[in-house]
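Engineer: Return atomic coordinates for the entry below.
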Amino acid sequence: MVNKDFFKALDDLEQERKIDKETFIQTLETALTSAYKKMYGEAKSAMVKLYPERNTIRIYSYKTVVDNVEDEDKEISLEEARKTKKSYKVGDIVAVEETTKDFGRIAAQTAKQVVMQKLRELERQQAASELSEKEDELLTTVVKRIDGDNVFVTIPGTNTEGALMKQDQIPGDKFQVGDRVKVYVKKIKDSFRGPQIQVSRSNIGFVRKLFELEIPEIASGEVIIKNIARDPGNRTKVAVYSEKPNVDAVGACVGNRGSRINTIVNELNGEKVDLVEYSDDPLEYIARSLSPAKVLSVETNDSLNMSQVIVPDDKLSLAIGKGGQNVRLAAKLTGWKIDVKPESYVKPVKDNKEPEYELTELEDDTSFDTMSDFDDLEEINGDEEN
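Structural biologist: You can find the predicted model right below:
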């Protein structure tokens, strides 16, 4: 059957591959028992036991002691049982060792299959463990192959590849096999084929990690990223702040003559990046979030989580952005619903000496929030660029 070399191999696996020998033996006993029952009948109450200390394998069938045997696979007569042990009585369970020479070949094949399966499981577990440390990280990878719109990249330090799907690419991304490309490890899923790694360049995590890489003050914690809102390939807003009064959070991100932010923008294929200084004051934070537009005033309704922003008439299209992009991102960044109105929306009340004002209605609603649908919004033409 299985010889002592097999048990020595188990010792080697435990030392070299860190396989728990006891757990392995239990798994092997279960597999051999199943194989034995398939060979000699499922009705048998049998158990295969391994004895590493003696380098042997034993097979036992378990039978209940009865007066009259009706099922030979499960029952043994009192007379027959007492040939083994005189103290047996009706109802006892007798373990009878089976001598089945034909089972040796099946046992060896089963043991080999169990060993290989365990090794594969171990490799998957080790690979998943190593890769789990790379989740939420920025990696420089190499394009391994391209399948239609999907790109597969090598994960450094592993034999695994990451999948960069079409929706995870930045609009305008172009790849060729062998290209070096930065990606964000978005998710690692374990499957029967091994770990599946989803990487991304469109995720906001990609922007966050680029800032950590290029801006030492963020990596050290002197400057903190409060929030990020992104429309991949078009525009990103990043709210930053510092608890240290002598640290200019926005200036640190811009760098000398824009060197730091330009490096990030280049990696984002020219995607516009608005740096917004975070404020605990929602009025100030909302006003800053609509950059690059100038804001005249902000009013908020805390109970509705809504705000109304007044901007100069000639800055309305800039504040809203093409297709509502700028105000939509501002709403995501701040967490406030934002209603943008031009200055002409407020006009003096006629025939009144007091400087009171009334609001006039616009033909178009320019209110946006993070849950709104902007697909039907008509473009607002303006001279300013987004």
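Engineer: ok, now which ones touch Asp20?
Structural biologist: For Asp20, the contact set (CB atoms under 8 Å, 6 or more residues apart in numbering) comprises Glu14. Using the backbone N, CA and C atoms, a C-beta is placed for each residue, glycine as well.
Engineer: how close does it sit to Val223?
Structural biologist: From Asp20 over to Val223 the distance is 47 Å, taken as CB to CB, to the nearest Å.
Engineer: Kindly report the same for Tyr278.
Structural biologist: 10 Å.
Engineer: Overlap in contacts, the two.
Structural biologist: Residues touching both Tyr278 and Val223 (CB under 8 Å, 6+ apart): Val240, Tyr241, Ala249.
Engineer: what residues are up against the last one?
Structural biologist: Looking back up the chat, that one is Ala249. With contact taken as CB under 8 Å, 6+ apart, Ala249 is in contact with Glu217, Val223, Ile224, Val240, Tyr241, Ser242, Glu277, Tyr278.
Engineer: ok, so of those, who is nearest Leu296?
Structural biologist: Glu277 (18.8 Å; CB to CB).
Engineer: can you pull the pLDDT of the closest one?
Structural biologist: The confidence metric pLDDT takes the value 97 at Glu277.
Engineer: For it, which non-adjacent residue is closest in space?
Structural biologist: Among residues not flanking Glu277 along the chain, Val250 sits closest, at 5.3 Å (CB to CB, 6 or more residues apart in numbering).
Engineer: count of residues packed around that neighbour?
Structural biologist: Close neighbours of Val250, defined as other CB atoms under 10 Å, add up to 17.
Engineer: what's the helix or strand for it?
Structural biologist: Per DSSP states H and E, Val250 falls inside helix 249-254.
Engineer: how about the helices in the stretch 251-386 of the chain?
Structural biologist: Remark: helices assigned in the stretch 251-386 of the chain by DSSP state H, counting those that start in this stretch are 259-267, 282-289, 316-320, 325-334.
Engineer: Give the buried residues for stretch 286-297.
Structural biologist: The neighbour-count check on stretch 286-297 (16 or more other CB atoms under 10 Å) flags Ile286, Ala287, Arg288, Ser289, Leu290, Ser291, Ala293, Val295 as buried.
Engineer: which among the residues you listed gets closest to Val327?
Structural biologist: Closest to Val327, out of all of those and judged by CB to CB, is Leu290, at 6.7 Å.
Engineer: wait, what's in contact with that closest one?
Structural biologist: Leu290 neighbours (CB under 8 Å, 6+ apart): Val309, Val311, Ala319, Asn326, Val327, Ala330, Ile338, Val340.
Engineer: before we move on, the earlier item: looking at the buried residues of stretch 286-297, spot the one nearest Thr33.
Structural biologist: When those are compared against Thr33 (criterion: CB to CB), the nearest one is Ser289, at 66.5 Å.
Engineer: Quick check: the gap between the closest one and Leu283.
Structural biologist: Per CB to CB, Ser289 is found 11 Å from Leu283.
Engineer: With Thr110 instead?
Structural biologist: From Thr110 to Leu283 the distance is 73 Å (CB to CB).
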